[in-house]
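Participant: Sequence first, predicted coordinates after that:
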Amino acid sequence: MRKKEIDAFVSFVKNDLNGDERGQAQTFCDRLFRAYGQKGIYEAQGKLEARIKIADTNTTNYIDCLWSPPNIRIMRVFTAAHQIMENNAFLYQKVLHIEQHQLETDEKIEHILTKMEDNSPKIMPEQIFQTGCVWDACIS
C-alpha cells in the first residue's frame with residue numbers, strides 16, 4: 001500500500017531533514033522514489049549528481065537528481081518542500097484535530113439517534129388510517 005510508504009516519507013522529511021540542500025538532497029531524492037514504489041533512484045534508472053551541459057554557455061552544471069523520462073531537477077524544490085511542511089505543520093495538526101472531533105461528534109449523534117429510536121413509541125397497525133394518517137389520540 002503506497003499510503004504507508006508516502007506517510008513514512010513525509011515523516012522522514014519533517015523529522016529528519018533540516019533543509020540542507022547540499023548534504024540532504026540526494027537522500028531526499030532516493031527516499032522520494034522509494035515512497036512511490038521504486039527500490040531507489042538507481043533502480044529506477046535515475047542518476048544523482050548528474051552532469052549536464054549548458055549549450056549556450058558551453059559549461060557543465062550538476063543536477064541533484066536526473067531521471068529520464070522525464071528529467072526531474074530537484075535542487076531548490078527540496079528546500080521549498082521542507083519549508084512548506086515546516087510552515088504548515090500547524091495546519092496539518094489542526095486538520096487532524098478537526099477530523100478527530102468530527103468522528104467523536106458523529107458517534108455522539110449516532111448514539112442520540114439510536115436512543116431516540118429505541119425510546120419512541122411504536123406505531124401500531126390499528127393507528128394507521130387508510131389515508132396514511134396516524135391516529136395519535138389518547139383514551140384514558
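Facilitator: Received it, and whenever you're ready, just let me know what you need. All values reported here derive from a predicted model rather than from experimental measurement. Residues are numbered from 1 along each chain as shown.
Participant: sec struct for N18, please.
Facilitator: Of the three states, N18 takes coil according to DSSP: H, G, I helix; E, B strand; the rest coil.
Participant: K39 now?
Facilitator: Judged by three-state DSSP, the three-state class of K39 is coil.
Participant: swap in P121?
Facilitator: Classification of P121 by three-state DSSP places it in coil.
Participant: what about it, how many residues close to it?
Facilitator: Residues within reach of P121, counting by other CB atoms under 10 Å, total 7. Any C-beta I mention is one placed from the backbone N, CA and C, and that applies to glycine too.
Participant: next one: T59
Facilitator: Count around T59 with other CB under 10 Å applied: 9.
Participant: And A50, by the same measure?
Facilitator: 16.
Participant: Does it touch Y62 like I think?
Facilitator: Yes: between A50 and Y62 there is a contact under CB atoms under 8 Å: 7.1 Å.
Participant: Determine whether the claim that A44 is in a helix is correct.
Facilitator: No: according to three-state DSSP, A44 belongs to no helix; its state is coil.
Participant: what about A89, distance to Y62?
Facilitator: Separation of A89 from Y62 (CB to CB, to the nearest Å): 31 Å.
Participant: correction: I54
Facilitator: Distance from I54 to Y62, counting by CB to CB: 11 Å.
Participant: Just name the shakiest helix or strand of the chain by mean pLDDT.
Facilitator: In the chain, the helix or strand scored least confidently by mean pLDDT, DSSP states H and E is helix 76-87, which has a mean of 71.
Participant: so where's this protein shaky on pLDDT?
Facilitator: Where the chain drops to pLDDT under 70, the residues are 1, 19-22, 68-79, 123-140.
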